[in-house]
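> quick check, what structure comes out for this input:
(2 chains)
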Amino acid sequence: MTVVLGLAIILLLVIVAYPLMWLLLAAFGVPGDIGLSHFARAYARFQNIEPLLNTLILAIGAGFLSVVLGVPLAWATARSDMPFRNTVRACVALSYITPPYLSALAFIILLGPDAGYLNRLLRLVIDVPTGPFNVFGMTGIILVISLHVFAFTFFLTEAALKSVDASFEEAAQILGARRWTTIVKINLPLVAPAITGGALLAAVESLALFGPQAFLGTPAQISFLPTRIYAVVSSYPPRWGEAAALSLILILLTCIGLLIQRSYLERRSYVTIGGKGARLRPVPLGRWKWLLLAFCFTVVFFSAIAPVGVLLLASVSDSWVAPLSTGNFTIEHFRRALIEDQMAARGIWNSLRLATSAALIAVIVGAAIAYIDLRTRLAGRRLLDYLAILPLGLPGTVMAIGLLLAFIRPPLVIYATIWILLVAYVARFIPLATRSVNGALRQVDSSLEEAARIAGATWLQAIRLILLPLVRPALLVAFLLVFIPAFAELSATILLYTSGTETISIAIFRLNDLGQLEVVAALSVFTIAVVLIVSLALSWLSNRSPLRRNTPPKV
Amino acid sequence: MSTIRRRRFIQGVGAGAAIALGGSGGWAQSASTELSDYTQIDVERARAEGTISFYTSLDTQIVDEVIRTFKAEHGIDVTYFRGGSADVTSKVLAEADAGRLQADLVDASDLAALLIMKERGLLKPFRSRAIDAVDETLRDPDGTWIADRLTQACIQYNSDEFGEAPPRTWAELAEEPYASRLIYFSSANGDGAPRLYTLAQTFGWELLEAFAAAKPFRVQTPQLITQLIESGERGVAFCTNDNIAWRSKRGNKPTDYVYPAEGVPTELGALGLFQGSAKPHAAALFYEYWMSKEGQELMANAGGKYSSRSDAAPPEGSPPLAEIELLTLDPRHYAENRADILQRMADTFGGEWGV
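Residues are numbered from 1 along each chain as shown, chains lettered A, B, ... in the order given. Got it, this is the predicted structure:
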């Protein structure tokens, strides 16, 4: 027992704490000139201040927009009698699992200033030489990212709306309040903490993204902290100190966001969760429900249906800029993407094996940590639990810088091997596994294992015969929860890959640089298909789990 | 899914992961016997060494073609990492810092980058058979690098839009009708800077400032430029690669390109072998194939690149280099002042230059 648990502790220290230590050391000039020179250099320069401001604007914009998009949808699916509520909810889930850099690519195809499908369509009816929309700009970036991160606000708000006590509403209605007044004065204040919490999560997530900022921001000449950090170390010679100093600011922003979010969610305690009797009746909307449905469909059309649709369309078009016709149809790009292009083929294989291995390791380590936390009195187990949650606050780019600094030098030199990608994925996504197993383990009373021990079973037997069968579905859910983001990971991979260890996301990134958008679209469609199939398996499994519970939306 | 099948699934996944990750081999640190001259290449040993790894900033269409024919001739495969020159260089330097250089040889269109690699002792002195055909100004006297190609930064335009009155000089690009239709490239780590700096050295920074004042559209690579010129989304590109413009025109796309008579920045791409490669013979064999007349003409025909070899023909339909007024950049000067130059680019054009 000590061996298994000890290994988990050591692993966590090596892959999470050790890189973070190097990040701090490098920011303060170790090795070399110890001091604050890197901070001074980093923040005396306009090149770094501008990305910082842009990042803040983006976070605020995306947080705000996530409320505008997410709250009406959440109310509609949770409280109204609008038709197609489940379809809308499923589409929000789809927009959430679609990797955001693929949405960004889709929006280039949709809203590229000249050749974008929607722009071409609009120019048939309005007479403008170009546009009218241009996705390459701050507004476009905020929009594309919001259409991904609004899912946080949606899911948190929806859950809160479902759990409010109906008696408040009923009281208001008995007193003659109109429906609109009830929503604004009763419902919204009750779920306000959830809305704010969701908006903050959305803002924090948008701070940390790399892909949309790179795909849309770079052509628009707009830098954000993650893309700036990437440029600082991918220029030669790489400026580690400056990158580390920039990373610390990004961590700071993320942590502030998460801390405020936490405090808001704790206030949820005054969201009254009523007894069984206080069931909520769906609010009848009459004709208004069609208006609400139109709004919901517009949102999910742009967040889920259109991005996947245009990627599919471009992937089977001989040339995506050519007019749509049967003569323009081809499956050639799939052949190139999946078979012919050597980097893409390697990328698919690498992504599959990395995601599989990372998920497996994360589940084992996550289970060990959850076990230590809930079943032992080990000193320092809180710290361990904290270490396993910590990566949630670390953007992929930042984590990659830490890993690079740590594993480029002895004693553990694994930079430029596939192992550093494995370490990165396990470290980034271990919170998902730990939380998931932790939730399941909480529901299994330790008396079951104790009974087995009293009956003469060894510790291992008690685990294997009693505990494992009970939590096995949860382990599988945890596995898939890690597999999905690891399969399409970009922000850390871009800094850590090398020749031979390209992943599917790298193939997409590189081929896009060369303008092969149709092949990129084919690879994207393949990626979304894999992620979708795995997600469907996940939702099917978690629904039939004997320990049925709400899996927290992936973070 | 029954309990048994679920268990099998997990076991299967475990076994798969073990096999998958066990398969990747480490990099052998040991450098083998000295190999400093093309006469010492042992073809049998090269074959035994097997697949080599190549870092390059060349267009994939060219690399694929050269690798395909090399493999057909010698049975040795080449895997490659392709990125902009700065991507290639930062990867090489970072991997060298880790003592894990993955590549056996490198090619980049930024000669300053190779000088830095040489300074760090990463490049191996090697006497190529090609030195008789390559002018001595185009190779390192110590033999650590040799220029393989010259890329000219030309003006490309959409011929439907400007075929009647194509631009002829750099200065007129800053005026209408061209100014509002401009496009140029640089990656976020400054790959477009050497040629722009060459222009600034010859015609003054005022020229670049005039370009910048026209708010030109910027993309990452010349490959993206040519797409936008072909589709008519943009009208005129300054300082794009002549070989990419050549390919577009030959592909019967509505584009054409000009070399302004007042002078055209030229960029030397160069090739180097890495010290401490575990596959010195295979790498040197590929190096020699790349630099041979046959290999260089393949590069010219497949990708429209001008070869550094005096005996290799220019790309089909292209003027001989001697007829183009070439503006060159001192790579040593550029290597020493790179940070300041990139800073000035950032100040002039805005956006990310990696500085």
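
> can you list the low-confidence ranges for chain A?
Per-residue confidence for chain A (pLDDT under 70) gives these ranges: A:1, A:265-280, A:544-555.

> the residue nearest to B:C239 when sequence neighbours are not counted: what's it in contact with?
Distances taken as Cβ to Cβ, 6 or more residues apart in numbering or on different chains place B:A153 nearest to B:C239, at 3.9 Å, with adjacent residues excluded. Every C-beta, even on glycine, is put in place using the N, C-alpha and C of the backbone. By Cβ atoms under 8 Å, 6 or more residues apart in numbering or on different chains, B:A153 lies in contact with B:195, B:198-199, B:238-242, B:264-267.

> between those, which has the most around it?
Neighbour tally across the contacts of B:A153 (other Cβ atoms under 10 Å in any protein chain shown): the maximum, 30 neighbours, falls on B:T240.

> please, where are all the strands along the chain?
Because you didn't say which chain, this covers chain A. With DSSP state E, there are no strands along chain A.

> please go with chain B instead
For chain B, the strands defined by DSSP E occupy B:52-56, B:78-82, B:105-108, B:146-158, B:182-185, B:217-219, B:236-241, B:255-258, B:264-273, B:306-307, B:326-327.

> ok and the residue in the stretch 51-200 of chain B nearest chain A?
Nearest to chain A, among the residues of the stretch 51-200 of chain B, is B:F81, at 3.6 Å (Cβ to the nearest Cβ).

> leaving out sequence neighbours, find the closest residue to that residue.
Using Cβ to Cβ, 6+ apart, the closest residue to B:F81 is A:S499 (3.6 Å).

> what do you get for A:V316?
In space, A:V316 is closest to A:F329, 5.7 Å off (Cβ to Cβ, 6+ apart).

> again, but for B:E267
B:T151 (4.7 Å).

> can you pull the contacts of that neighbour?
Listed by Cβ under 8 Å, 6+ apart, the contact partners of B:T151 are B:109, B:241-243, B:266-267, B:269, B:305-306.

> so what's the residue most central in space within chain B up against?
When chain B is reduced to its mean C-alpha position, the nearest residue by Cα atoms, centre = their mean turns out to be B:S57, at 3.1 Å. Residues in contact with B:S57 (Cβ under 8 Å, 6+ apart) are B:82-85, B:87-88, B:107-110, B:191, B:269.

> and whichever residue of the stretch 401-550 of chain A sits closest to chain B, backbone torsions?
Proximity of the stretch 401-550 of chain A to chain B (Cβ to the nearest Cβ) peaks at A:S499, 3.6 Å away. Main-chain dihedrals, A:S499, degrees, to the nearest 10: phi -60, psi 120.

> wait, it sits on B:T79?
Yes - applying Cβ atoms under 8 Å as the test, A:S499 and B:T79 come out as touching, 6.4 Å apart.

> which ones are touching residue 198?
In the absence of a named chain, this looks at chain A. A:G198 touches A:66-67, A:70, A:152-157, counting by Cβ under 8 Å, 6+ apart.

> look at chain B instead
B:153, B:265-266, B:327-329.

> which residue comes closest to it once chain neighbours are left out?
Using Cβ to Cβ, 6+ apart, the nearest residue to B:T198 is B:P265, at 3.7 Å.

> the one you found against B:T240, yeah?
No - assessed by Cβ under 8 Å, B:P265 is found out of contact with B:T240, at 11.1 Å.

> so what's the residue count around residue 256?
Assuming you mean chain A. Neighbours of A:I256 (other Cβ under 10 Å): 13.

> oops, chain B please
17.

> now B:E206
11.

> how close does it sit to B:W170?
11 Å (Cβ to Cβ, to the nearest Å).

> do A:L36 as well
Per Cβ to Cβ, A:L36 is found 44 Å from B:W170.

> more crowded one of those two?
B:W170 (22 against 14).

> right, and A:A478 touches A:A362 too?
Yes - using Cβ under 8 Å, A:A478 is in contact with A:A362, at 7.3 Å.

> what bridges to the residue of the stretch 51-200 of chain B closest to chain A?
Counting by DSSP bridges, B:F81 forms beta bridges with B:Y55.

> which residues touch A:L248?
A:23-24, A:27.

> nearest to A:V204 among those?
Closest approach between these and A:V204, by Cβ to Cβ: A:L23, at 18.5 Å.

> surely the closest one touches A:L246?
No - A:L23 is beyond contact range of A:L246, at 10.7 Å (criterion: Cβ under 8 Å).

> before we move on, the earlier item: who wins for neighbours among the contacts of A:G198?
Highest neighbour count within the contacts of A:G198: A:F154, with 32 neighbours (other Cβ under 10 Å).

> for the residue lying closest to it once chain neighbours are set aside, give its distance to chain B.
Nearest non-adjacent residue to A:F154, counting by Cβ to Cβ, 6+ apart: A:G70, 3.9 Å away. Noted for A:G70: a distance of 31 Å to chain B, by Cβ to the nearest Cβ, to the nearest Å.

> hang on, A:G70 packs against A:L147?
No - with contact defined as Cβ under 8 Å, A:G70 does not count as touching A:L147 (10.4 Å).

> still on that earlier bit, chain neighbours aside, what residue packs nearest to the residue nearest to the centre of chain B?
B:S57's closest residue in space is B:S85 (Cβ to Cβ, 6+ apart), at 4.4 Å.

> per-residue confidence for that neighbour?
B:S85 carries a pLDDT score of 91 in this model.

> what's the local residue count around it?
B:S85: 25 neighbours (other Cβ under 10 Å).

> ok, now which ones touch it?
Per Cβ under 8 Å, 6+ apart, neighbours of B:S85: B:57, B:108-110, B:113, B:191.

> A:A406 now?
Neighbours of A:A406 in contact, by Cβ under 8 Å, 6+ apart: A:18-19, A:21-22, A:412.

> how close does it get to A:T493?
The value you get for A:A406 to A:T493, if Cβ to Cβ is used, is 17 Å.

> what's the answer for A:G116, then?
A:G116 is 28 Å from A:T493, by Cβ to Cβ.
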